[in-house]
Structures are given as C-alpha cells and as structure tokens.
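In: Give me coordinates for this.
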Amino acid sequence: MSLKTMHEDFPTIIRQATGASDIRLLELIQELWSGYGAILRYGLTGSRRRRVVVKHVRLPGRVHHPRGWNTDLSHRRKLRSYEVEMAWYARWSARCGAACPVPHCLALETRGDETLMVLEDLDEAGFPERRETVTETELAACLRWLANFHATFLGCEPEGLWEQGTYWHLETRPDELEALGDLPLKRAAADIDRLLRGSPYQTLVHGDAKLENFCFSPDGKKVAAVDFQYVGGGCGMKDVAYFIGSCLAEEECERLEPWLLDCYFAALRQALAQLQPAVAGKALEDDWRELYPLAWTDFHRFLKGWSPGHWKLNAYSERLARAVVHRLSR
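Out: Next up, the predicted model:
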C-alpha cells in the first residue's frame, strides 16, 4: 500500500487538509478486514502536525473472508460500515468531549470505489500506547470512556449511523443464526434481541469496543477510541459486555464482574449528572444491570454460530447464556 495505489486526488487532499507541503508514508498500521484497504500513518512536512493517520478504503476485486463468510450480505454490511464511519466523523464525532476522546477528523472524501479519511494521530494527541493485556487501572479507564460516551449520546436518534449498532445484532446476522446448533439459544435469540431493543434507555454504542480499538496514555489512566464502523443505536450494555469479553480470560470475567459493573455505573452516574441531569440515573442503572447478561448472551449467540470453536466460547459464557435462556423460557 502506498501513495501510488491511492486515487490520484488523495495525496493532494491530505496535503490540503493538513497544510503540509509534502507527505511521506511512514508505516502500514494494519490492513482492513477482508482486503478492503488499509490504515496508514503519514509524516508531514511544513505542517503544524508531524503525522496523520489515513484510513484508505478500496473495494477489493475478490473478497476473502478469513472464516469463509463470503456472502453478498457480508459485503453489503462492510460497505455500509464505511458509509457509517464517514457519517460518524462528519456529523457526530465532534460531540465527544474530553472524557471520551476520539480522533479529530481532518478530511473525508470519496472517489469512485475509494474512500479517504484523514484523522488526527492519537499517538501525537497523548495516547501512544496499545495494550494486549490490561490492569485494573486500564480497565477502569476504558469503562469510564464507555460510560461517558453512552451518557453523551443517550436518547439520540442514530441519524446516518446504524439503526442498531454493533456488527453482531440479530437482524444483520441471519446466516450465523441459521448455522447455530444450540437450539434453545437459537429459539431465545429473538426474545433477547427484543428485550435489548426495548430498553427505554437507548444511546449510541461504539459497536466494536474491543481492547484493540482503545489507545492509552502512557500511565494507562486515559484512553481514546478508534474504529467507528459499527456505531449506532442500542443499549450501552452491548459495549460493556463485548469490551469485558475482549480482554479478560474466563475466570477474570466471572471474578471481576461485580467490580467491573460497579466501576462502569459509578462513571455513568457521574457523567449523567453532568450531561443528562434530567435522566433518572437509578432507573437507567437498574434497567441496564438487568440487561447485562442478555447483552453478553446476544454476542455469545452470534459467536457460537459464526465460529463454534472460538476461544471466547468458555464455560462462563455458556453458564451465563444457559441461565438467560432458562429465565426466558419460563
């Protein structure tokens, strides 16, 4: 991936957006899923910024999915996800405050089947660290970010975004539901989805709030988030359950569950008092605490149909999902 493989207009757009006299490719940060492009870091000459991050989306000639889900629905979902991310940066991201920072967007452009997003480099903004494992300090920082994000957008209609955020919700995953061999869970899937959607406290969810999408300050006490392809409406517990499952082993998920939820809700109460003082915080907390195991089971349902041997399908998830299914079947 290089300047030569981009649309001919894109280097000029990057220079204009940053005020740079010249740009140079520093590194490939990562390839996008299934060959849909790349995230790149560019160095700048003659700009007040030293670097920017560029997300370059280009539709592949042949789609390759690492787990074999090469369907037209999958392709359309990915295309829509990049449209959503463009809408997020164009219309919504500026509403995120210092308590839930995201990259500042410098330019958004589309040329044919190519899309360009020029973003602030979070390394320069004070978030240069990435984590593969986390301490309680870093867990708390991510949960505070989620709580402030959810409080910021509580009650918002997800205009231009996914009506339902996350990439695993039931409506967008019919093939994986069909493949699910756990029949009691399969029968309960619609009720779980209905209850999550029926919460009176809908917000925007990040939709892919895994550990890899958080950038940390050197001391681990602050985080910023990236990758807003699946941002949209939903219950905040979807993000919380998914985040916890993304970075903790089975025994930690179970042992730390009370502390993790208390940490999140303490931050949420504080954020609501500041940002949404008219909201009845206790009623919201009671509702979402009740929905936490359903949110966990909702992702478990997707994962079990999508990749039955996945490492996240552990005994804790199974016990929690069975308890939810049993409760709903009574």
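In: Against which helices or strands is the lowest-mean-pLDDT helix or strand in the chain packed?
Out: The weakest-scoring helix or strand in the chain, judged by mean pLDDT, DSSP states H and E, is helix 72-87 (a mean of 88). Contacts defined by 3 or more CB pairs under 8 Å, 6 or more residues apart in numbering; DSSP states H and E place helix 72-87 against strand 114-120. The C-beta positions use only the backbone N, C-alpha and C, and glycine is treated the same way.
In: Taking their axis directions, the strand it packs on and helix 72-87 sit at what angle?
Out: Angle, strand 114-120 to helix 72-87, by axes from the mean of the first three to the mean of the last three CA atoms, to 10 degrees: 40 degrees.
In: Just name whatever secondary elements strand 114-120 is in contact with.
Out: Using 3+ CB pairs under 8 Å, 6+ apart: strand 114-120 touches helix 10-18, strand 51-58, helix 72-87, strand 105-111.
In: Look at residue 39 and give its secondary structure.
Out: strand (DSSP: H, G, I helix; E, B strand; the rest coil).
In: Please give the element, helix or strand, for the closest residue to it other than its chain neighbours.
Out: Spatial nearest neighbour of residue 39, excluding adjacent residues (CB to CB, 6 or more residues apart in numbering): residue 29 at 4.3 Å. For residue 29, the host element (DSSP states H and E) is strand 22-31.
In: again with residue 258
Out: Following DSSP H and E, one finds residue 258 within helix 250-275.
In: what's the offset of that helix from the middle of its chain?
Out: Averaging C-alpha positions (CA atoms, centre = their mean, to the nearest Å) puts helix 250-275 18 Å from its chain's average.
In: buried sites along it?
Out: Buried residues in helix 250-275, counting neighbours by 16 or more other CB atoms under 10 Å, are found at 250, 253-254, 257, 260-261, 263-265, 267-272, 275.
In: Which neighbouring elements make contact with that helix?
Out: helix 136-152, helix 237-247, helix 281-306, helix 315-329.
In: Show me what the third one is packed against.
Out: Which is helix 281-306. In terms of contacts (3+ CB pairs under 8 Å, 6+ apart), helix 281-306 is packed against helix 174-179, helix 183-197, helix 237-247, helix 250-275, helix 315-329.
In: Compile the ones you listed into a markdown table and extend it with columns for mean pLDDT and distance to residue 130.
Out: Output for the helices and strands packed on helix 281-306, formatted as a markdown table (pLDDT from 0 to 100; distance: least, CB to CB, whole Å):
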| stretch | mean pLDDT | distance to residue 130 |
| --- | --- | --- |
| helix 174-179 | 94 | 29 |
| helix 183-197 | 97 | 30 |
| helix 237-247 | 97 | 12 |
| helix 250-275 | 97 | 20 |
| helix 315-329 | 95 | 25 |
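In: Distance to residue 9 added to these, as CSV?
Out: Below are the helices and strands packed on helix 281-306 laid out as CSV (distance: least, CB to CB, whole Å):
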stretch, distance to residue 9
helix 174-179, 37
helix 183-197, 41
helix 237-247, 36
helix 250-275, 39
helix 315-329, 47
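In: For residue 101, find the nearest of those.
Out: Closest to residue 101 of the helices and strands packed on helix 281-306 is helix 250-275 (CB to CB; 13.9 Å).
In: hang on, the residue nearest to residue 39 packs against residue 51?
Out: No: taking contacts as CB atoms under 8 Å, residue 29 lies outside contact range of residue 51: 11.1 Å.
In: Just give me the neighbour total for the closest residue to residue 174 other than its chain neighbours.
Out: In this structure, residue 174 finds its nearest non-sequential neighbour in residue 73, 7.5 Å apart by CB to CB, 6+ apart. Neighbour count for residue 73, taken as other CB atoms under 10 Å: 12.
In: where's residue 73 relative to residue 178, distance?
Out: 12 Å (CB to CB, to the nearest Å).
In: and what of residue 136?
Out: Residue 136 is 40 Å from residue 178, where distance means CB to CB.
In: Of the two, give the one with the bigger neighbour count.
Out: Each of residue 136 and residue 178 has its neighbours counted (other CB under 10 Å); residue 136 has more, 12 against 9.
In: can you pull the pLDDT of the more buried one?
Out: On pLDDT, residue 136 comes in at 97.
In: ok, back up a step: what's the most buried one of the helices and strands packed on helix 250-275?
Out: Stretch with highest mean neighbour count among the helices and strands packed on helix 250-275: helix 237-247 (a mean of 24; mean count of other CB atoms under 10 Å).
In: Please enumerate residues in contact with it?
Out: Helix 237-247 is touched from outside by 131, 133-134, 139, 142-143, 146, 149-150, 165-166, 196, 205-212, 253, 257, 260-261, 264, 288, 291-292, 294-296, 298-299, 312, 317, with contacts defined as CB atoms under 8 Å, 6 or more residues apart in numbering.
In: Below-threshold pLDDT in the stretch 1-150 of the chain: ranges please.
Out: 1-4, 61-71 (pLDDT under 70).
In: ok, 50 please
Out: The stretch 1-150 of the chain contains residues with pLDDT under 50 at 1-2, 63-69.
In: Pull out the buried residues from the strand holding residue 29.
Out: Neighbour-count burial for strand 22-31, counted by 16+ other CB under 10 Å, picks out 23, 26.
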